[in-house]
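J.: Have a look at this prediction, sequence included:
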Amino acid sequence: MFRLNDLILIGVIFSSMLGGILIPEWASFFRPYPVYLMMLLLFLSFLSISMRDIRDTLRHHTPTLIWLSFLKLILVPLTVYLIFKGIYPRYATAALLVTGISTGVVAPFISTLVNANAHLVLVMVVISSLLVPFTLPALIKVLLGRSVEISLTAMVQTLCMVIFVPIVAVEIFRRMAPAFLESIHRKRYPISLTIFAVINLGVFSGYSEFFFQNPATIVEATCVAVALGGIYLVLGILIMWRAPVENRIASVIVLGNMNNVLVIVFASEFFGPLEPTVAAMYMIPFFGLILPLRGYSRLVQS
């Protein structure tokens, strides 16, 4: 039912997570690099999508993009927070942070694996990244009664670097070295696997000691993360039920493949250890969603 490459991807992701936990001294070498590696992943994602594709998506899917942006950044985070506040209040804040963050730069790559509308996903990466410095602090203020001071200038600079530098780089290479770009495109999958592994090694090495000292919390946080993944899967399909199947799958990716590495950094600065732990453990459903999405795509299109 699933391609060998999908299973290889899952194996690489989980083994690198385990490696970061078990050999943190070696894996800690990679801790400073997740942001730059995310930029490289977005560069790889842009290889198969031109600026014309993005302009056409903005022109022809404006109502869908507005609706998805409102859902992604306001309505779904609010709904998920209230659900956890009622049934599992200890994890309500973590659920809010993970749900309310922007769609991750890896999402366009994931969309190519499950036959989703990659153009729609890519534009949502840009839109949600530009809006989240305003929407997430507002949700935290309203729902938690706390004000999180964020350097807006620093946030915008970081987001512009992560998103627009790869876009410009791809366009430059298209004009100056198209043959080189084509050779990179042919090797995109193994390069992406390597980047995923290095990101996980760096992220999980930072939580190795906490994992061993709090095994019950890790199990609990993992269950919460998996439950969140299930919520995003169901909501993503339902909110785009009348849309073509590739847009339904794109909706799930927009909700479920968020920038959880940014949540780890953000939550570590402003919250306790529980919130970044849930964000770190969300690596499991982050990539695990590929399997049900591929199955759903084949089921609907068969």
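T.: In hand now; what should we look at?

J.: Can you mark which positions in stretch 286-302 are buried?
T.: Phe286, Phe287, Gly288, Leu289, Ile290, Leu291, Pro292, Leu293, Arg294, Tyr296, Ser297 (16 or more other C-beta atoms under 10 Å). For the C-beta atoms, the positions are set from N, CA and C on the backbone; glycine is no exception.

J.: mind listing the helices in the stretch 101-250 of the chain by residue range?
T.: Taking DSSP state H, counting those that start in this stretch as the test, the helices found in the stretch 101-250 of the chain are 107-113, 118-144, 152-176, 178-186, 188-205, 208-213, 215-239, 245-256.

J.: Now these in TSV, please, with extra columns for mean neighbour count and distance to Ile23.
T.: Listed next are the helices of the stretch 101-250 of the chain as TSV, based on neighbours: other C-beta atoms under 10 Å; distance: least, C-beta to C-beta, whole Å:
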stretch	mean neighbour count	distance to Ile23
helix 107-113	24	26
helix 118-144	20	32
helix 152-176	14	28
helix 178-186	12	30
helix 188-205	20	8
helix 208-213	14	8
helix 215-239	18	17
helix 245-256	26	29
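
J.: and Leu96, which of these is closest to it?
T.: helix 118-144 (6.5 Å; C-beta to C-beta).

J.: For the closest one, what is the distance to the chain centroid?
T.: 12 Å (C-alpha atoms, centre = their mean, to the nearest Å).

J.: cool, and stretch 240-260?
T.: 12 Å.

J.: likewise stretch 283-301?
T.: 15 Å.

J.: What's the mean pLDDT across that stretch?
T.: Across stretch 283-301, pLDDT averages out at 85.

J.: Equivalent analysis for stretch 230-243, please.
T.: The model assigns stretch 230-243 a mean pLDDT of 92.

J.: ditto for stretch 8-25
T.: Here the average pLDDT along stretch 8-25 is 85.

J.: what residues does that stretch touch?
T.: 27, 113, 193, 196-198, 200-209, 211-212, 283-284, 287-288, 290-291 (C-beta atoms under 8 Å, 6 or more residues apart in numbering).

J.: one more time with 6 Å, if that's ok
T.: Ala27, Leu193, Phe196, Ala197, Asn200, Leu201, Phe204, Ser205, Ser208, Phe211, Met283, Phe287 (C-beta atoms under 6 Å, 6 or more residues apart in numbering).

J.: What sits closest to Leu96 if chain neighbours are left out?
T.: With sequence-adjacent residues excluded and distances taken as C-beta to C-beta, 6 or more residues apart in numbering, Leu96 is closest to Tyr81, at 4.2 Å.

J.: so how far is the helix or strand containing the one you found off the chain centroid?
T.: Using DSSP states H and E, Tyr81 sits within helix 76-87. Relative to its parent chain, helix 76-87 has a centroid offset of 20 Å by C-alpha atoms, centre = their mean.

J.: mind listing what's buried in it?
T.: So for helix 76-87, counting by 16+ other C-beta under 10 Å, buried means Val76, Pro77, Leu78, Val80, Tyr81, Phe84.

J.: Mind pulling up the pLDDT for the residue nearest the centre of the chain?
T.: Centroid check for the chain by C-alpha atoms, centre = their mean gives Met258 as the closest residue, at 2.7 Å. Per-residue confidence at Met258 stands at 91 (pLDDT).

J.: now swap in the one 5 residues further on and tell me
T.: In this prediction, Val263 carries a pLDDT score of 84.

J.: And for Gly206?
T.: Reported pLDDT for Gly206: 81.

J.: now the stretch 51-200 of the chain, which segments are flagged as low pLDDT?
T.: Low-confidence segments of the stretch 51-200 of the chain (pLDDT under 70): 146-156, 158-159.

J.: change it to 90
T.: 51-64, 102, 104-119, 122-123, 125-142, 144-171, 174-175, 177-193, 195-200 (pLDDT under 90).

J.: Can you give me the distance of Ile163 to Val170?
T.: Distance, Ile163 to Val170, using C-beta to C-beta, to the nearest Å: 12 Å.

J.: returning to what we had before: what residues does the residue nearest to Leu96 make contact with?
T.: Applying C-beta under 6 Å, 6+ apart, one finds that Tyr81 lies in contact with Ala92, Ala95, Leu96, Leu143.

J.: Now the last one: closest residue in space that isn't a chain neighbour?
T.: Right, Leu143. Once flanking residues are discounted, Leu143 sits nearest to Tyr81: 5.8 Å by C-beta to C-beta, 6+ apart.
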